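Student: predicted model, plus sequence, below.
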Amino acid sequence: MAAALALALPPLPPERPVRLGTFPALLRTPGVSRGLLATALLVTGHFAAYTYVRPVLERVPGLGAGTISALLLCYGAAGVAGTFAGGWLAARDPRRALLVIAAGLGTVVPLLIPAAGSLAASTLLLVVWGLVYGGVSVSTQSRLSAAAPRAREAGSALFAGVFNTGIALGAFTGGRAADALGPTAVLCVGGGLGLLVLPVAVRAGRPGAGATRRPDPAGPQGPGEQT
């Protein structure tokens with residue numbers, strides 16, 4: 001895979017060096033901090049629920065291992081479509097993309113609890129879940145790039161760190177919830193964390209909020225070059 005990417009992608013040299021002093025400045029930028037918070041909540045919530053989705057689906061009457069595998073394949077295909085759809089929306093309005101994704105995850109994931117008695121309803125909700133979550137990465141990263149356009153390398157590094165931490169934290173949180181309250185509890189946790197993104201996204205869209213409230217952390221000379 002790495003060799004294929006090296007052959008297929010054009011060279012992407014860094015725009016300017018990234019120094020350690022760049023990261024604290026970025027974290028003090030409201031648009032960046034809110035974007036990272038939204039990323040953490042969405043990814044943690046998703047993986048809290050999705051890591052344990054198989055026991056949830058096993059509650060559906062007559063759903064065997066083969067059918068569950070087929071449903072997860074449909075989820076994956078929907079996720080690919082969601083990546084393109086989320087990218088299209090984020091390119092036009094990153095805030096709206098975040099609102100749609102947060103509302104979608106916050107609604108669809110918990111609905112799998114009452115849908116357990118219906119294969120059709122569970123299938124539909126799982127596909128919608130994949131479609132909505134598919135746009136998380138591209139929409140949150142677009143938001144961060146817009147918040148700090150002259151520090152994209154440093155912003156991407158922070159994004160990757162928060163995203164991977166969210167994966168681990170989500171799996172851990174979901175496991176604790178499932179052990180304590182049962183498998184359906186993970187759906188409540190995932191949906192609840194998704195809904196918490198709504199006020200973050202709304203606040204980020206208010207006049208004067210976001211990256212415009214502070215100077216670009218890169219500064220006119222680039223990260224780490226100020227004296």
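Tutor: That came in fine, so what should we check first?

Student: give the contact list for the most centrally placed residue in the chain.
Tutor: The centroid of the chain falls nearest to residue 136 when counting by CA atoms, centre = their mean (3.7 Å). When contacts are counted by CB atoms under 8 Å, 6 or more residues apart in numbering, residue 136 touches 39, 42-43, 46, 86, 101. Where you see a C-beta, it was placed from the backbone N, CA and C, and this is true even at glycine.

Student: could you redo the last one with a cut-off of 7 Å?
Tutor: Residue 136 sits next to 42-43, 101 when contact means CB atoms under 7 Å, 6 or more residues apart in numbering.

Student: again, but for residue 119
Tutor: Counted by CB under 7 Å, 6+ apart, residue 119 has contacts 60, 63.

Student: repeat that with 10 Å
Tutor: 57, 60-63, 67, 71 (CB atoms under 10 Å, 6 or more residues apart in numbering).

Student: only the buried subset of these, as a PyMOL command please.
Tutor: Buried members of those, defined by 16 or more other CB atoms under 10 Å, are picked up in PyMOL with:
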select buried, resi 57+60+63+71
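
Student: quick check: the two most widely separated of the contacts of residue 119?
Tutor: Across the contacts of residue 119, no pair lies farther apart than 61 and 71, at 14.3 Å, counting by CB to CB.

Student: picking that back up, nearest to residue 148, of the contacts of residue 119?
Tutor: Using CB to CB, the contacts of residue 119 come closest to residue 148 at residue 71, 39.0 Å.

Student: what residues of the lengthiest helix in the chain count as buried?
Tutor: Using DSSP state H, we find that the single longest helix of the chain is helix 152-181. By 16+ other CB under 10 Å, the buried positions in helix 152-181 come out as 152, 154-155, 158-159, 162-163, 166, 169-171, 173-174, 177-178.

Student: let me know the average pLDDT across it.
Tutor: Helix 152-181 comes out with an average pLDDT of 91.

Student: mind giving me the packing neighbours of that helix?
Tutor: Applying 3 or more CB pairs under 10 Å, 6 or more residues apart in numbering; DSSP states H and E, one finds that helix 152-181 contacts helix 22-27, helix 30-50, helix 53-57, helix 136-147, helix 185-195.

Student: any chance of the ones you listed in TSV with mean pLDDT and distance to residue 5 as columns?
Tutor: Formatted as TSV, the helices and strands packed on helix 152-181 follow (pLDDT from 0 to 100; distance: least, CB to CB, whole Å):
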stretch	mean pLDDT	distance to residue 5
helix 22-27	78	26
helix 30-50	92	23
helix 53-57	90	29
helix 136-147	86	16
helix 185-195	95	31
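
Student: residue 108: which of those is closest?
Tutor: Closest among the helices and strands packed on helix 152-181, once you apply CB to CB, is helix 185-195, at 7.8 Å.

Student: that closest one vs helix 136-147, what angle?
Tutor: Angle, helix 185-195 to helix 136-147, by axes from the mean of the first three to the mean of the last three CA atoms, to 10 degrees: 20 degrees.

Student: what's in contact with the helix or strand just after helix 185-195?
Tutor: Using DSSP states H and E, the helix or strand that follows helix 185-195 in sequence is helix 197-204. Residues from elsewhere that reach helix 197-204 (CB under 10 Å, 6+ apart): 30-31, 33-35, 37-42, 45, 94-103, 105-106, 136, 139-140, 143, 147, 209-211.
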